[in-house]
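> quick one: sequence and predicted model below, then my questions.
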Amino acid sequence: MTEFRPMRRHRQQLSKEECESILGRCTSGVLALSGDGGYPYAVPLSYVYADGAIIFHSAVEGHKIDAVKQDSRCSFCVIDQDEIKPAEFTTHFRSVIAFGRIHILENADDKVQALRLLGRRYSPNDDHGLQHEIDKSLDHVLLLRLDIEHLSGKQAIELTKAR
C-alpha cells in the first residue's frame, strides 16, 4: 500500500469526520486519473458518498473509462467553500481530497444499488421515476466506485482560528 505524505500545514488539517461530512453534503468534484500519454486527466463529476466509498456513473466508453482500465489509482477533489476576501488578498477555503482506487462495478445488483444511491441523492422524492430511469439505463451505463485509501482535508487558517 502507498504511504501518503503528511499535510505540511497540519494546523489547517480537517479531521476524518469533517472530511466525510463534506463528502456527504457536496454533490460534485473533480476526478483525476492518469490519461493518454501520461498526461493527467481531470474531469468534473457528480457523485454520491456512501459506506466509505464514492460512486460515479459514466458512459460505457471514453477517455475516463480508458484511463480507469489503464490505471485504477486516482484522486477526487471536492471544494466545500471558496469565499474570496479581496481586502485580505486571499480566500477562505475548505476542501477534501480522496485518494484510492476506482473500480467498474460488474455485478448487476451492485450496479442497481449504486444507481439507487445516485438517484436518491439527486431526486430524493421520486422513487417511481428513479426505478423507470434505472430500468431504462442499466444496460448502457457504467457505475464506478472509488475505494478510499487516504482522505485529506484542509481549510484556510482563518477558518481554523475561528473554531
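All right, it came through fine.
> give me the longest helix you can find in this protein.
Longest helix of the chain, by residue count under DSSP state H: helix 108-122.
> just the buried residues of it, please?
Neighbour-count burial for helix 108-122 flags 111, 112, 114, 115, 117, 118, 119, 121 (criterion: 16 or more other Cβ atoms under 10 Å). Heads up, the C-betas are built off the backbone N, CA and C, glycines and all.
> can you add pLDDT and distance to residue 73 and give the residues you listed back as JSON lines?
As requested, these are exported to JSON lines (pLDDT from 0 to 100; distance: Cβ to Cβ, whole Å):
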{"residue": "111", "pLDDT": "91", "distance to residue 73": "23"}
{"residue": "112", "pLDDT": "89", "distance to residue 73": "27"}
{"residue": "114", "pLDDT": "93", "distance to residue 73": "21"}
{"residue": "115", "pLDDT": "90", "distance to residue 73": "25"}
{"residue": "117", "pLDDT": "92", "distance to residue 73": "23"}
{"residue": "118", "pLDDT": "90", "distance to residue 73": "23"}
{"residue": "119", "pLDDT": "88", "distance to residue 73": "28"}
{"residue": "121", "pLDDT": "88", "distance to residue 73": "25"}
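> the strands in the protein, which residues?
With DSSP state E as the criterion, the chain has strands at 28-34, 40-46, 48-50, 53-58, 73-85, 90-104, 142-155.
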